[in-house]
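> Give me a 3D structure for the following:
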Amino acid sequence: MKKELLIIGFGWLGQNYALANKLHFERIIGIKRSAGLRYQLDAKTNVCALDLFSDNLPNSISEILKSASHIIIALPPSSAKIPEDYLILLEKLKTTIVSIGIKTIFISSIGAGSLFQSERKILLEQSEIVFLENSLFKVLRFGGLIGTDRHPVLSLARSNSAINGADLVNLISIEDCCGTIDFLFNNFSSLPKLLTAVSPYHPAKVEYYNKSSAEYKVPHPNYYFDSEERTAYQLVNKVEDFGYTWINEKLKRPNN
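Numbers count the residues shown, from 1 in each chain. Take a look at the predicted model:
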């Protein structure tokens, strides 16, 4: 059987994973929401557009799904204007995938494991529940994503807002995003339904961001300091506890 990958939600993460292609998929299809969009990312990767919120989604995506051996769903809640629409979309995708029977990774966020209640946390938890009920799916919670062109200090350099310098970082580099997806696909049946992928390196933001600002050649952020206001997460089923070896544990500037 050919190894063909379908990435539903072909944003920054999906594109970088496709370009890495370390599992040597013979063909990759990336689905974006941009109307009328169709192009070739590289020799093995084609990108097309689908109206993911169309009532006809199950029919329009079924033909594409039939050729896939692996699926990644990388659709953040922000892909829908209304939270209810987002959950309906995920339910449609799940039903269609189950009817064909393809192992699938749903990319989530450590925000679902936040120890503080919020609307975003509740929505993330609800989205995970959609997939945790079926053995065809694994849920992979990522920390904040960093890459050569993506890092908190890049956006903070364009902002006058102050951040809590006493807060701890919870990030993952693009190398380890790709590495943990590969790890999960390669060990699919032996791993738990839910995994967390966050570098075990958790320095204070003031320490790490000042160092990163120098690497990215941008001004360091504005800070305030409140040790009692630190963001807290429940990091369950950490990938390293199941045998994953970190590539960029110290969160240096990636080479992607």
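> if you go through the stretch 151-256 of the chain in chain order, where are the strands?
Defined through DSSP state E, counting those that start in this stretch, the strands belonging to the stretch 151-256 of the chain, from first to last, are 162-164, 171-173, 194-197, 222-224.
> Can you tell me the strand partners of the last one and which way each runs?
When pairing is defined by DSSP bridges, strand 222-224 lines up against strand 162-164 (parallel).
> how about the partner strand: buried residues?
Using 16 or more other Cβ atoms under 10 Å as the test for burial, strand 162-164 gives 163-164. Where you see a C-beta, it was placed from the backbone N, CA and C, and this is true even at glycine.
> chain center to it, what's the gap?
Between the mean C-alpha location of strand 162-164 and the chain-wide mean there is a distance of 25 Å, by Cα atoms, centre = their mean, to the nearest Å.
> can you list the weak-confidence ranges in the stretch 151-256 of the chain?
Across the stretch 151-256 of the chain, residues meeting the criterion (pLDDT under 70) sit at 255-256.
> What's the local residue count around the nearest residue to R27 once chain neighbours are set aside?
With Cβ to Cβ, 6 or more residues apart in numbering as the criterion, R27 has its nearest non-adjacent residue at 4.5 Å, and that residue is E4. The burial count assigned to E4 is 19, neighbours taken as other Cβ atoms under 10 Å.
> Same check on I174?
Residue neighbour count, defined by other Cβ under 10 Å, stands at 24 for I174.
> hmm, back to that, any chance of the strands of the stretch 151-256 of the chain in a markdown table with distance to N237 as columns?
Rendered in a markdown table, the data for these read as follows (distance: least, Cβ to Cβ, whole Å):
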| stretch | distance to N237 |
| --- | --- |
| strand 162-164 | 27 |
| strand 171-173 | 15 |
| strand 194-197 | 5 |
| strand 222-224 | 32 |
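> For L184, find the nearest of those.
Within those, the stretch nearest L184 is strand 194-197; the backing value is 6.6 Å (Cβ to Cβ).
> So what touches that closest one?
Contact with strand 194-197 is made by 110, 113, 128, 132, 138-143, 172, 176-177, 180, 184, 235-239, 242, 244, as judged by Cβ atoms under 8 Å, 6 or more residues apart in numbering.
> go with 10 Å
Around strand 194-197, the neighbours that count as contacts under Cβ atoms under 10 Å, 6 or more residues apart in numbering are 105-110, 112-113, 128, 131-132, 137-143, 170, 172, 176-177, 179-181, 183-184, 233-242, 244, 246.
> Just the buried ones out of those residues, please.
When neighbours are counted using 16+ other Cβ under 10 Å, those contain these buried positions: 105-110, 112-113, 128, 131, 137-143, 170, 172, 176-177, 179-181, 183-184, 233, 235, 237, 239, 244, 246.
> List the residues that contact the residue nearest to R27.
E4 makes contact with 25-29, 44, 64, 66-71, 102, according to Cβ under 10 Å, 6+ apart.
> The residues you listed, buried ones only, as a ChimeraX selection?
To isolate in ChimeraX the members of the contacts of E4 that are buried, counting by 16+ other Cβ under 10 Å, one can use:
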select :25,27,28,29,44,64,68,69,70,71,102
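> And the contacts of E4, which is closest to N160?
With Cβ to Cβ as the yardstick, the closest approach to N160 among the contacts of E4 comes from I28, at 40.4 Å.
> State the distance from R230 to V236.
The spacing between R230 and V236, counted by Cβ to Cβ, to the nearest Å, is 19 Å.
> got the residue ranges for the helices in the stretch 101-250 of the chain?
Counting by DSSP state H, counting those that start in this stretch, the stretch 101-250 of the chain has these helices, from start to end: 119-132, 152-156, 174-186, 205-216.
> helices and strands around the second one, which ones?
Read that as helix 152-156. Contacts defined by 3 or more Cβ pairs under 10 Å, 6 or more residues apart in numbering; DSSP states H and E place helix 152-156 against strand 144-146, strand 162-164, helix 205-216.
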